[in-house]
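Trainee: Provide a 3D model corresponding to the input given below.
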Amino acid sequence: IPYEEAVMDALVSGLGGRFETGKVSGVVPEVAEAAFGLGYSPRRRGAVLEARVLPVSCRAEELWRAASSVGGKNGWYYMDCAWTVRGWIDGLLGGPGNQRSRPDRLEQGAQLDSWTIERYVEGRDLCLRSRMRLPRLARLGLHVREQGPHVLLVQWVEFHPNFLTWFYWWATYLLHWLIFRGLMKGIAGHVRVIKEDTGVVQA
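Mentor: This next block holds a predicted model:
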């Protein structure tokens with residue numbers, strides 16, 4: 001078994017009882033540390049790194065299809081208007097603005113809305129780096145893997161603030177918490193939509 005898979009297996013096995021099925025966990029330090037350890041991001045002092053886990057009762061390919069469908073016309077599944085407003089502000093600051101576009105094929109280097117795909121492993125990993133006007137880098141990662149009777153959706157958010165943007169991060173923390181927590185639940189909810197579209201769910 002590859003080293004990174006062994007690390008993740010050990011990680012999620014140790015999370016038993018730390019979350020309930022169908023509910024997004026709070027910040028899980030072990031998952032945040034694993035995101036660094038698996039090479040998703042370099043370890044840097046002062047970085048804000050949050051991670052959450054959501055077990056979903058479905059097949060891994062169904063959850064991955066929902067997770068990898070974010071952006072473009074599909075939106076971000078929760079408080080999409082907040083993403084739009086943030087895009088408008090970014091445009092005023094000289095950034096890419098409120099771009100809504102998905103590449104024909106997800107792959108490293110492709111642009112997805114206002115993000116660049118930094119890491120892509122079909123069926124498992126999607127790591128996005130923000131192209132918005134920020135003093136330092138910001139990333140959003142989604143990871144899918146099977147664990148017991150459920151499939152785990154792991155999400156992490158990484159932000160490298162400077163002195164001034166520390167205030168921005170904490171001033172908007174509640175909004176970020178709602179958006180990224182809602183994104184997790186939205187992805188899980190989109191699994192049912194996919195099942196209905198494909199005729200998997202029985203009436």
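Trainee: so how far is stretch 62-70 off the chain centroid?
Mentor: Between the centre of stretch 62-70 and the centre of its chain there are 11 Å (CA atoms, centre = their mean, to the nearest Å).
Trainee: hmm, who's touching that stretch?
Mentor: 56, 76-77, 106, 112, 123-124, 126, 142, 144, 151, 153, 183, 187-188, 190-191, 193-195, 200 (CB atoms under 8 Å, 6 or more residues apart in numbering). For the C-beta atoms, the positions are set from N, CA and C on the backbone; glycine is no exception.
Trainee: Helix, strand, or coil at L153?
Mentor: The local conformation at L153, judged by DSSP: H, G, I helix; E, B strand; the rest coil, is strand.
Trainee: where does it land on pLDDT?
Mentor: You'll see L153 listed with a pLDDT of 89.
Trainee: tell me the contacts of it?
Mentor: Going by CB under 8 Å, 6+ apart, L153 touches V53, L54, P55, V56, L63, A67, L142, H143, V144, M184, I187, A188.
Trainee: host element of the last one?
Mentor: The one in question is A188. Assigned by DSSP states H and E, A188 belongs to helix 173-198.
Trainee: Can you point out the buried residues in that helix?
Mentor: 176, 179-188, 190-191, 194-195 (16 or more other CB atoms under 10 Å).
Trainee: This completes my enquiry, with thanks.
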